[in-house]
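K.L.:
Return a 3D structure for these sequence lines:
(one chain, ligands or ions: 2)
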Amino acid sequence: MSFHSPVASTRRDFLRSSAWLLGVAALPRATAAAPGPTEPVIDMHQHVHYSGRSDDALVTHQRTLGATLSVLMPSGDRGGEHKGGSGEHEAVVALARRFPGEWVFFANEITDQADAPRVIERQLRAGALGIGEQKFRVDCDSPALWRIAEVAREFDVPVLLHFQHATYNRNIENFHRTLEKFPSVKFIGHAQAWWAAIDKQYDPKAGNYPKGPITPGGITDRYLTDYPNCFAEVSAGSGNGAIVRDEERFRGFIHRHQDKLMFGSDCPEGTGRAPICFAARTLDAIRRLSPSKAVERKILYENAKKMLKLK
Ligand SMILES: [Zn+2]
Ligand SMILES: [Zn+2]
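P.N.:
Ligands and ions are numbered 1, 2, ... in the order given. Model (predicted):
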């Protein structure tokens, strides 16, 4: 793929230094305070046209945040209205082509749509590096999702899943069935139920964004411990909430799962800066709570680089 060619990499370096220079010109104080613009950061989760944001505003958001490479997820279900499909696939490919080396993209289609595996295969052949985000109204151990996992197995690409109680990839407590059925497929968990279930006392009736201390032994922690093919990306309000509700527990979580966690933003706003940008706050927290620089580098860069098979 062109993203990996030496030419693309030279262009990437050029774009990165241009972005840095532009950032300095436009925002001297904020950019100067950002930790190491040359230090690569992979954002595993972004969207085009998120809350009406333009492509240019998205590019600025990512550069301000400090993401040097971002993964575009063709949209899942947004409040019952699917905006994915071939139209959104074209939009993510167009942005990735406009800024080679700064963006890569995933393939996606509604899980239980009859031709979903064929549509996803076509997008993978067109350069998608994974499948997601799968955010559709199915059970997380459903035959519909298993058809998608079969494509992932065949193409050896990861699947990113949005878990939300009674809504998307339902019944997280049954997800071990999917992990066991496809041991060679890498599944990346994210969203409300995924991060709420970091707590053994997780009770869906308490809402999507629980607060307060975490009781160890949550199902998310167990999946990451027990299944080599289970991974997670820390994005969105749910990922940030899992950190801020009990930072000391999350410090241990980072240590335990340092080879499984990846940074993601999934952020819809335009600043790319704390306090408005939850992704900027999550990035700061990962830097602060990682037990060493080496672990921080794994979570912000190395684990995703390996997952995406980037050179
Ligand atoms: Zn999601
Ligand atoms: Zn943001």
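
K.L.:
Taking the chain, what residue is nearest to ligand 1?
P.N.:
Nearest residue of the chain to ligand 1: H162, at 3.4 Å (Cβ to the ion). Any C-beta I mention is one placed from the backbone N, CA and C, and that applies to glycine too.

K.L.:
And that residue, what's its pLDDT?
P.N.:
Predicted confidence (pLDDT) for H162: 96.

K.L.:
what's across from it in the sheet?
P.N.:
H190 (DSSP bridges).

K.L.:
Would you quantify the distance from it to E180?
P.N.:
Applying Cβ to Cβ, to the nearest Å, the value for H162 to E180 is 21 Å.

K.L.:
need the strands for the stretch 1-150 of the chain, in chain order.
P.N.:
42-46, 69-72, 77-78, 81-82, 103-105, 131-134 (DSSP state E, counting those that start in this stretch).

K.L.:
what's the most buried one of the ones you listed?
P.N.:
strand 131-134 (a mean of 29; mean count of other Cβ atoms under 10 Å).

K.L.:
what's the burial count for the nearest residue to E247 once chain neighbours are set aside?
P.N.:
Spatial nearest neighbour of E247, excluding adjacent residues (Cβ to Cβ, 6 or more residues apart in numbering): L289 at 6.3 Å. By other Cβ atoms under 10 Å, 19 other residues sit near L289.

K.L.:
With H61 instead?
P.N.:
26.

K.L.:
Quick one: the strands in the stretch 201-311 of the chain, in order.
P.N.:
230-234, 261-263.

K.L.:
now for the first one, which elements pack on it?
P.N.:
When you say that, I think you mean strand 230-234. strand 187-190, helix 219-226, helix 236-244, strand 261-263 (3 or more Cβ pairs under 8 Å, 6 or more residues apart in numbering; DSSP states H and E).

K.L.:
who touches that strand?
P.N.:
Contact partners of strand 230-234, identified using Cβ atoms under 8 Å, 6 or more residues apart in numbering, comprise 44-45, 158, 160, 179, 186-190, 194, 220, 223-224, 239-240, 242-243, 257, 260-264, 282, 286, 299, 303, 307.

K.L.:
What of the shortest one?
P.N.:
Residues external to strand 261-263 that are found in contact with it (Cβ under 8 Å, 6+ apart): 41-44, 188, 231-235, 254, 282-283, 286, 298-300, 303-304, 307.

K.L.:
what about it, average pLDDT?
P.N.:
98.

K.L.:
quick one: that strand to chain centroid distance?
P.N.:
8 Å (Cα atoms, centre = their mean, to the nearest Å).

K.L.:
and that strand, anywhere near ligand 2?
P.N.:
No. Against ligand 2, strand 261-263 shows no contacts by Cβ under 5 Å from the ion, the least distance being 12.7 Å.

K.L.:
Give me the sheet partners of that strand and which way each runs.
P.N.:
strand 230-234 (parallel).

K.L.:
Convert the C-alpha atoms of the partner strand to CSV, please.
P.N.:
Extracted C-alpha coordinates of strand 230-234, given in CSV (Å, rounded to 0.1, in the frame of the first residue of the first chain):
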residue,chain,number,x,y,z
CYS,A,230,-8.4,-9.2,23.2
PHE,A,231,-7.2,-5.6,23.1
ALA,A,232,-8.7,-2.2,24.1
GLU,A,233,-8.5,1.4,23.0
VAL,A,234,-9.0,4.2,25.5
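
K.L.:
got the angle between it and helix 219-226?
P.N.:
Orientation of strand 230-234 against helix 219-226 (axes from the mean of the first three to the mean of the last three Cα atoms, to 10 degrees) gives an angle of 130 degrees.

K.L.:
what about strand 230-234 and ligand 1, touching?
P.N.:
No. Strand 230-234 stays clear of ligand 1 (Cβ under 5 Å from the ion), getting no nearer than 9.5 Å.

K.L.:
buried residues in that strand?
P.N.:
By 16 or more other Cβ atoms under 10 Å, the buried positions in strand 230-234 come out as C230, F231, A232, E233, V234.

K.L.:
Could you dump the residues you listed into JSON lines and include pLDDT and distance to F105?
P.N.:
Output for those, formatted as JSON lines (pLDDT from 0 to 100; distance: Cβ to Cβ, whole Å):
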{"residue": "C230", "pLDDT": "98", "distance to F105": "23"}
{"residue": "F231", "pLDDT": "98", "distance to F105": "19"}
{"residue": "A232", "pLDDT": "98", "distance to F105": "20"}
{"residue": "E233", "pLDDT": "98", "distance to F105": "15"}
{"residue": "V234", "pLDDT": "97", "distance to F105": "20"}
